[in-house]
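Visitor: I'll drop the sequence and a predicted model, then ask my questions.
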Amino acid sequence: MSIYSDIGLATTEATSAAAAASRNTGSYDLSQADFLSLLTTELAYQDPTNPADNKEMIAQMAQISTVNGVATLNQTVSSLTDVVTSNQALMASNLVGRTALIDSSTGYSSGTGFGGVINAGSLGASDITINVFDQTGRMVYSASAPGTHTGNVEFAWDGTDSEGNQVAAGLYTVSATGRVGGVSTALPSQVYAGIQSVVTGSGGSGTTLNLEGLGEYSFSDVLEISAG
């Protein structure tokens, strides 16, 4: 054994063996212990007449601290990512069974109808009429909201036609008109839909909601989620 081994310093042979072992295992990452081993070996074999510069040694020690800090930061970020993913899954599970308001005039009725809002605008609209049509274009429901309204006007259809008969389950389209400035104007509508399942995003994709009868909608496209 050499004097360097006796005092805990790695020799050139030992360092070469460690490097070879690293190559054999396919790992090229240097740990803090590896850096310290290289530094002490460098000090052991330095030329006594031309010792290592203090600034260079400090720079190398700072590099060791930086590498160790980056490794610690990576572990922290990984832990935070796991926490965020877990919270997203928990929040997603709480959405199932609620209703989402989407920017669409097409809603799904399982036999009990659906609700939504008519946007009368900030200037307001009067004598609002709301019509619901089936997929053949036949009007199955009509309602009116007398007076002048501003902002969102709620509506609810119970899934029956004008004669009180329950209509078949399926997709239905909402059409609304109102008088704006004395002129009959088409008004935008949004509908509520039941949330059946939620898929949390991965690999950069966002959360997706599976809405009853309407398919998948991005969470970012949802305007409102019911309180319960």
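Guide: Done, it's in.

Visitor: Only C-alpha atoms from now on, for both contacts and neighbour counts.
Guide: Fine.

Visitor: Flag the helix or strand of the protein with the lowest per-element mean pLDDT.
Guide: helix 3-6 (a mean of 45; mean pLDDT, DSSP states H and E).

Visitor: how far away is residue 150 from residue 77?
Guide: Per CA to CA, to the nearest Å, residue 150 is found 47 Å from residue 77.

Visitor: more crowded one of the two?
Guide: residue 150 (14 against 11; other CA atoms under 10 Å).

Visitor: Can you report how many residues lie near the nearest residue to residue 133 once chain neighbours are set aside?
Guide: In this structure, residue 133 finds its nearest non-sequential neighbour in residue 139, 4.3 Å apart by CA to CA, 6 or more residues apart in numbering. Around residue 139 sit 17 other residues, with neighbours defined as other CA under 10 Å.

Visitor: Run through the residues that contact residue 139.
Guide: Counting by CA atoms under 8 Å, 6 or more residues apart in numbering, residue 139 touches 131-133.

Visitor: so of those residues, which ones are in strands?
Guide: 131-133 (DSSP state E).

Visitor: Select from those residues the one having the most neighbours.
Guide: residue 132 (22 neighbours).

Visitor: what's the spacing between that residue and residue 221?
Guide: The gap separating residue 132 from residue 221 is 23 Å, by CA to CA.

Visitor: all strands of the protein, in order?
Guide: For the chain, strands defined by DSSP E occupy the ranges 99-102, 106-109, 114-119, 125-133, 139-149, 152-157, 170-180, 183-187, 189-199, 208-211, 215-218, 222-225.

Visitor: Which one, of those strands, ends up nearest to residue 41?
Guide: strand 189-199 (54.0 Å; CA to CA).

Visitor: Pairing partners for the closest one, with directions?
Guide: strand 99-102 (antiparallel), strand 114-119 (antiparallel), strand 208-211 (antiparallel) (DSSP bridges).

Visitor: got a list of contacts for the last one?
Guide: Yep, that's strand 208-211 we're talking about. With CA under 8 Å, 6+ apart, strand 208-211 has contacts from 193-201, 216-219.

Visitor: quick check: domain ranges of the chain?
Guide: Domain ranges of the chain: 3-87, 101-192, per automatic domain parsing.

Visitor: averaging pLDDT over each of these, which comes out lowest?
Guide: Mean pLDDT is lowest for domain 3-87 out of the domains of the chain, coming in at a mean of 62.

Visitor: who's residue 116 bridged to?
Guide: For residue 116, the beta-bridge partners are residue 155, residue 191 (DSSP bridges).

Visitor: contacting residues for it?
Guide: Counted by CA under 8 Å, 6+ apart, residue 116 has contacts 101, 154-156, 189-192.

Visitor: Any figure for the gap between it and residue 66?
Guide: In terms of CA to CA, residue 116 sits 56 Å off from residue 66.

Visitor: Residue 75 now?
Guide: Taken as CA to CA, the span from residue 75 to residue 66 is 14 Å.

Visitor: Leaving out chain neighbours, which residue sits closest to residue 158?
Guide: residue 113 (4.5 Å).

Visitor: Is that neighbour in contact with residue 157, as I believe?
Guide: Yes - using CA atoms under 8 Å, residue 113 makes contact with residue 157 at a distance of 5.2 Å.

Visitor: gap between residue 137 and residue 218?
Guide: 28 Å.
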